[in-house]
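Next comes the sequence, and after it the predicted model I'd like to discuss.
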Amino acid sequence: MLFFLSYYILEVLFGTTYWILRKTTKGIYYLVSGGDKNDIVIVKKEKNAFFEVLKEMKYQNNKIRELHKKIDELLIRENNDLIEVFKYPLIEN
């Protein structure tokens, strides 16, 4: 029992110490070297991807609006007596 307890205590201590030293050396290297130049490229790619997704969402929103208008026109034609035009909450441009 004492063996297992001491084993796990040493395992946790050495593992924690190794993790702290590894992160510290990487941090110091990052500060000394001036950072990784690839970080800027990744941020630009993510920003461009975000704007592409935003464009696609606006396009889909416009298509959904057109479909809702066509559905409303069909409902009005079909039900001349009962005219109900529904308002759909969509993203405003």
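Looks like it came in fine.

make it CA atoms for all contacts and neighbour counts henceforth
Will do.

Determine the number of other residues adjacent to residue 61.
For residue 61, the neighbour count with other CA atoms under 10 Å is 16.

other SSEs contacting the helix or strand hosting it?
Assessed by DSSP states H and E, residue 61 sits inside helix 38-78. Helices and strands touching helix 38-78, by 3 or more CA pairs under 8 Å, 6 or more residues apart in numbering; DSSP states H and E: there are none.

for it, what is the average pLDDT?
Helix 38-78 shows a mean pLDDT of 80.

Equivalent analysis for stretch 24-33, please.
Mean predicted confidence for stretch 24-33 is 81.

quick one: it to chain centroid distance?
28 Å (CA atoms, centre = their mean, to the nearest Å).

Kindly format the C-alpha coordinates of it as PDB.
Extracted as PDB, the C-alpha positions of stretch 24-33 are listed here (Å, rounded to 0.1, in the frame of the first residue of the first chain):
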ATOM      1  CA  THR A  24       7.900  27.800 -19.200                       C
ATOM      2  CA  THR A  25      10.700  27.000 -21.700                       C
ATOM      3  CA  LYS A  26       8.200  27.300 -24.600                       C
ATOM      4  CA  GLY A  27       7.000  30.600 -23.200                       C
ATOM      5  CA  ILE A  28      10.500  32.000 -22.800                       C
ATOM      6  CA  TYR A  29      11.500  30.800 -26.300                       C
ATOM      7  CA  TYR A  30       8.300  32.500 -27.700                       C
ATOM      8  CA  LEU A  31       9.300  35.800 -26.000                       C
ATOM      9  CA  VAL A  32      12.900  35.600 -27.000                       C
ATOM     10  CA  SER A  33      12.200  34.600 -30.600                       C
END
